[in-house]
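Enquirer: Structure, please.
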Amino acid sequence: MMDMLWHVITRAYHSLPYLFFPLLVMCIPLSFACKQRHPITTTDHLAFAVANDLLPQDPQTCKDYGFERAFTAENWSKLLGLYIGLVRHLGIPPKTINDWRVRGVLVEEIKAAYYKIPAEFRGSYFPWFLQNQHILDPFAVIVSQSNDEGDAMAIVLRAWRFTGGAETDSPADIRARIASMPQDRQSCHLFYTMLLSKVHPVPFDDFWIPFGFCSCACKEEEMYLGEHYQALITRCTFDEFCNAFRSARIPDLFHKNGIHVDLRYLADVLQNYRMRKSVWDLKQSVIQTDGQNSENRIAISAVVDYGFMNCKKDAEIRALKKIYRTFFERRDANPLALHDAAIRGNIFGYLGSLMKLDKKKKRLMKNPYPLYALQ
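Expert: Reported below is the predicted structural model:
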């Protein structure tokens, strides 16, 4: 009975933001620990998570198997689904998965395991994994941007030395040390690697929101922001940047170093990225092309706040996405005004004042707001 209740609670909490994850994992029943006759390892925790369809509770397990770097509840769920597929459907023991991890071949072996079965039977988690390999291997994002693995390693070495790493460190040493970094610091290091390669996050990247690129109205503004970040990292230390990112004070770091960034909504994102407004998740979900978001994924917060829960068929989802995409593509789009309209329960009224809308779409834009009990 307890397992069934916890399963329901966990499913509900999958929709909560990152801040609530520690509260969630602290509450998993202690009976798991009581049944063990040997010291509990991260392999045991992973096996328990897979067997019970639960997110792992142990911090070291989250670190070892990528959950610490998965950032969002949606990604946690998909990563767990990937492991469930390996263990429960492909018959690979958790001990074998741990051996792959220890030998540094986890990504390669996961691919090999799934590639042994026909594409139509691989499910949706493996395609997601192919687009998010950096969760288990930070170097994957760099290799994917280079046609040559040697060039990719050169990019990594440059970023390592730029951030204070020793020139004598081998590629294996660098890989291990980056993987052992706290999540925020690792994110900053990967972001530095992108900046030093003269690229910036795009909408399907996990870094697009945390580093504020979602606040840009067009590609030109994204390039503008990227250039200002490139200037910033030449004026501050890596530790200063990491501390500013962790404390949501990057706008202050720009100001401290005499860099003025003229983007209207940037501060709103950077100062609140952990508990960000759902309008930024909406924007990321709807402006991606079908190729970038082939599974038509929509952030859970946007599903509730912006009416996708009302859609009964794919055509309605596409129609609603098109309306929001049209809004975000406007030069005068005000995401914060849309957010305000959403929490007042007046999305249709607000968007209707900016563009012509079919009255039939009003039903799709209804949400649970305003929450009078919280006012």
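Enquirer: And the helices in the stretch 251-375 of the chain?
Expert: Counting by DSSP state H, counting those that start in this stretch, the stretch 251-375 of the chain has these helices, from start to end: 266-270, 278-287, 300-305, 314-329, 335-343, 347-352.
Enquirer: For P127, which of those is the nearest?
Expert: Nearest of these to P127, taken as Cβ to Cβ: helix 278-287 at 17.1 Å. Heads up, the C-betas are built off the backbone N, CA and C, glycines and all.
Enquirer: And the contacts of the closest one?
Expert: Contacts to helix 278-287, defined as Cβ atoms under 8 Å, 6 or more residues apart in numbering, come from residues 203-204, 208-209, 214-215, 269, 293, 297-299, 301-302, 304-306, 321, 324-325, 328-329, 335-336, 338-339, 342.
Enquirer: Okay, angle between that helix and helix 335-343 too, please.
Expert: 100 degrees (axes from the mean of the first three to the mean of the last three Cα atoms, to 10 degrees).
Enquirer: Report the angle between helix 278-287 and helix 314-329.
Expert: 110 degrees.
Enquirer: and helix 278-287, average pLDDT?
Expert: Over the span of helix 278-287, the pLDDT mean works out to 93.
Enquirer: Equivalent analysis for stretch 319-329, please.
Expert: When pLDDT is averaged along stretch 319-329, the result is 95.
Enquirer: that older thread, can you turn the buried part of the contacts of helix 278-287 into a ChimeraX selection?
Expert: In ChimeraX syntax, the buried subset of the contacts of helix 278-287 is picked out as below (16 or more other Cβ atoms under 10 Å):
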select :203,204,208,209,214,215,269,293,298,299,301,302,304,305,306,321,324,328,335,338,339,342
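Enquirer: any idea how far C188 is from the closest residue to A231 other than its chain neighbours?
Expert: The shortest distance from A231 to any non-neighbouring residue, by Cβ to Cβ, 6 or more residues apart in numbering, is to I259 (5.8 Å). Going from I259 to C188 by Cβ to Cβ, to the nearest Å gives 17 Å.
Enquirer: try M355
Expert: 39 Å.
Enquirer: from what I can see E167 touches R161, true?
Expert: Yes - using Cβ atoms under 8 Å, E167 is in contact with R161, at 5.8 Å.
Enquirer: okay, these two: which has more neighbours?
Expert: For the pair E167 and R161, the greater number of neighbours falls to R161 (13 against 7), based on other Cβ atoms under 10 Å.
Enquirer: my guess is that one contacts I174, does it?
Expert: No - between R161 and I174 there is no contact, the gap being 9.6 Å when judged by Cβ under 8 Å.
Enquirer: which of the residues in stretch 171-191 are buried?
Expert: 174-175, 178-179, 181, 183, 185-191.
Enquirer: between the residues you listed, which is nearest K277?
Expert: For the buried residues of stretch 171-191, the nearest to K277 is S187 (20.2 Å; Cβ to Cβ).
Enquirer: can you tell me which helix or strand that closest one belongs to?
Expert: Under the criterion DSSP states H and E, the helix or strand holding S187 is helix 183-196.
Enquirer: model confidence over that helix, on average?
Expert: Helix 183-196 carries an average pLDDT of 90.
Enquirer: Can you pull out the residues in contact with that helix?
Expert: Outside of helix 183-196, the residues that reach it under the criterion Cβ under 8 Å, 6+ apart are 68-69, 71, 134, 138, 141-142, 145, 155-156, 158-159, 162-163, 178-179, 181, 200-201, 207, 210-211, 226, 229-230, 233, 238, 241-242, 245-246.
Enquirer: Just the buried subset of the residues you listed, please.
Expert: When the contacts of helix 183-196 are checked against 16+ other Cβ under 10 Å, the ones flagged as buried are 68-69, 71, 134, 138, 141-142, 155-156, 159, 162-163, 178-179, 181, 200-201, 207, 210-211, 226, 229, 233, 238, 241-242, 245-246.
Enquirer: Just those residues: which are in helices?
Expert: Among the buried ones among the contacts of helix 183-196, the residues falling in helices (DSSP state H) are 141-142, 155-156, 159, 162, 178-179, 226, 229, 238, 241-242, 245-246.
Enquirer: Flag the shaky bits of the stretch 101-250 of the chain, pLDDT-wise.
Expert: Judged against pLDDT under 70, the low-scoring parts of the stretch 101-250 of the chain cover residues 138-153.
Enquirer: Repeat the analysis, applying 80 as the threshold.
Expert: 104, 134, 137-156, 171-172, 175, 179 (pLDDT under 80).
Enquirer: Tell me, how many residues neighbour I117?
Expert: Around I117 there are 14 other residues, counting by other Cβ under 10 Å.
Enquirer: backbone phi and psi for it, please?
Expert: Main-chain torsions, I117, degrees, to the nearest 10: phi -110, psi 150.
Enquirer: List the contacts of the closest residue to it other than its chain neighbours.
Expert: Spatially, and ignoring its direct neighbours in sequence, I117 is nearest to L90 (7.4 Å; Cβ to Cβ, 6+ apart). The contact partners of L90, taken as Cβ under 8 Å, 6+ apart, are A113, Y114, K116, I117.
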